[in-house]
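[1] fold the following.
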Amino acid sequence: MMKNPIILLFFLVFTGCASLVYQAEDYEALYGPSTPKQRRLTEEDAALSQRQNKVSFYQDVKPILDSRCVVCHGCYDAPCQLKLGSGEGIDRGATKQIVYDISRLKAAAPTRLFIDAWDTAGWRRKDFYPVLNERRDSEDANLDNSVLAKLIQLKRQNPLPDTGKLDKDFAFDISRDLQCPTVEEFPKYQHQHPQWGMPYALPGLSQKEEDTLLRWLQEGAKVEPLPTLSNQSVATIAKWESYFNGPTLKHHLVSRYLYEHLFIGHLHFQGHPEQEFFRLGNMRMGLINNIRYTVAYRQDYSI
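    Sure, this is the predicted structure:
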């Protein structure tokens, strides 16, 4: 039993006020249950979207992300593993799992985009949570239920000063504790770190850039279909896969060597369409079993 009733009263009042400050909305009651959505448009839906003058991911959104976001959110060890270089990375979302943990004694299951899970539902089973709305589809829900939208709006509400040093609240060391709030946890994050809107510790987006991203989110964060591979590239892939999976020990050794040195890079076949880039696929039993290709604009070097 606590001897000082005043201290007990103060503790109860303080914790009660804190819970009110950090209380999140009941998103399921507001917008229904959460489930992954189909973000990739069909050819017909993409044509309709263009006629309706909706925001294009590749032409409007991706150039902003490439210039302002992927410098931090483009690599395997991106903060919260949130990768903003591709539609699949954004739809995958974020996680509280850290990639590099010096205290880890056992191997951790890798979380490589395009490799360790093939759809958003698979990433949810690996404890990735959405930064886009995955509840009922409406303009209000698409913004209110999106961590990405809230981080952009937080920056607008609390802009950094134009001159002087950054506040000591900002941390940049590689071992810093990352804050990876879900939409339910965002009120606490916003209260504790009001200056931590995105881009983190950098000048805010221009009004035009912000409006473009928020409009894209409001419209459901749709992504146009990837261009169909040329017949020339299909034949070239088949040729290289045949070589990589050759039967001799020489094939095995060369394949493994190339994979270990090039798996993280993007490859382009000379003389092929300039927007086609490729990646070496998974290694299984010491062999490369396929080439994983990505086809996008030339500025798309996201991993």
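[2] would you map the strands across the stretch 151-300 of the chain?
    Here the stretch 151-300 of the chain has its strands, by DSSP state E, counting those that start in this stretch, at 276-280, 283-284, 287-288, 291-295.
[3] what residues are up against the nearest residue to residue 167 once chain neighbours are set aside?
    Distances taken as C-beta to C-beta, 6 or more residues apart in numbering place residue 195 nearest to residue 167, at 6.4 Å, with adjacent residues excluded. (Glycine included, C-beta is placed from N, CA and C.) Applying C-beta atoms under 8 Å, 6 or more residues apart in numbering, we find residue 195 in contact with 158, 160, 167, 169, 170.
[4] what distance do you get for the second one to residue 154?
    As defined by C-beta to C-beta, to the nearest Å, residue 160 lies at a distance of 12 Å from residue 154.
[5] next one: the fourth one
    Taking C-beta to C-beta as the measure, residue 169 and residue 154 are separated by 14 Å.
[6] point out where the stretch 1-150 of the chain drops to low pLDDT.
    Residues of the stretch 1-150 of the chain meeting the criterion pLDDT under 70: 1-22.
[7] one more time with 90, if that's ok
    1-28, 30, 74-77, 98-110, 112-118 (pLDDT under 90).
[8] residue 169 touches residue 193, doesn't it?
    Yes: Residue 169 is in contact with residue 193 according to C-beta atoms under 8 Å; the separation is 6.8 Å.
[9] higher neighbour count, those two?
    residue 193 (16 against 11; other C-beta atoms under 10 Å).
[10] pull the contacting residues for that one.
    169, 179.
[11] ok, now the one 4 residues further on?
    With contacts defined as C-beta under 8 Å, 6+ apart, the neighbours of residue 197 are 151, 152, 153, 154, 155, 156, 157, 158, 204.
[12] so the fifth one touches residue 203, yeah?
    No: checked against C-beta under 8 Å, the pair residue 155 and residue 203 is beyond contact range at 9.2 Å.
[13] who's more crowded, these two?
    residue 155 (22 against 11).
[14] can you tell me the closest non-neighbouring residue to the more buried one?
    That would be residue 197: by C-beta to C-beta, 6+ apart, it lies 2.8 Å from residue 155.
[15] from residue 179, how far off is that neighbour?
    Relative to residue 179, and taking C-beta to C-beta, residue 197 is found at 12 Å.
[16] ok, residue 161 next?
    Counting by C-beta to C-beta - residue 161 and residue 179 are separated by 21 Å.
[17] of these two, give the one with the bigger neighbour count.
    Neighbour count, other C-beta under 10 Å: between residue 161 and residue 179, residue 179 has more, with 16 against 9.
[18] and the end-to-end length of stretch 48-66?
    Stretch 48-66 has an end-to-end distance of 26 Å (C-alpha to C-alpha, to the nearest Å).
[19] one more: stretch 52-60?
    15 Å.
[20] who touches that stretch?
    Here stretch 52-60 has contacts from 49-50, 61, 87, 212, 215-216, 219, 221-224, 296-297, using C-beta under 8 Å, 6+ apart.
[21] then stretch 169-189?
    21-24, 27, 79-80, 82, 94-96, 98, 100, 102, 129-130, 145-147, 150, 193, 195-196, 200-201.
[22] how far out from the middle of the chain is stretch 266-286?
    22 Å (C-alpha atoms, centre = their mean, to the nearest Å).
[23] for that stretch, C-alpha coordinates in CSV please.
    Provided in CSV are the C-alpha atoms of stretch 266-286 (Å, rounded to 0.1, in the frame of the first residue of the first chain):
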residue,chain,number,x,y,z
HIS,A,266,20.6,-3.6,-61.4
LEU,A,267,21.6,-4.9,-64.8
HIS,A,268,20.9,-3.6,-68.3
PHE,A,269,21.3,-5.6,-71.5
GLN,A,270,23.2,-3.5,-74.1
GLY,A,271,21.0,-2.7,-77.1
HIS,A,272,17.8,-3.4,-75.3
PRO,A,273,15.0,-0.9,-74.4
GLU,A,274,16.5,1.8,-72.2
GLN,A,275,13.8,1.4,-69.5
GLU,A,276,14.5,-2.3,-68.8
PHE,A,277,16.6,-3.2,-65.8
PHE,A,278,17.1,-6.7,-64.3
ARG,A,279,18.2,-8.3,-61.1
LEU,A,280,19.8,-11.6,-60.4
GLY,A,281,17.4,-13.8,-58.5
ASN,A,282,17.6,-16.0,-55.5
MET,A,283,20.3,-18.5,-54.9
ARG,A,284,19.2,-22.0,-54.1
MET,A,285,21.6,-24.8,-53.2
GLY,A,286,24.5,-22.7,-54.4
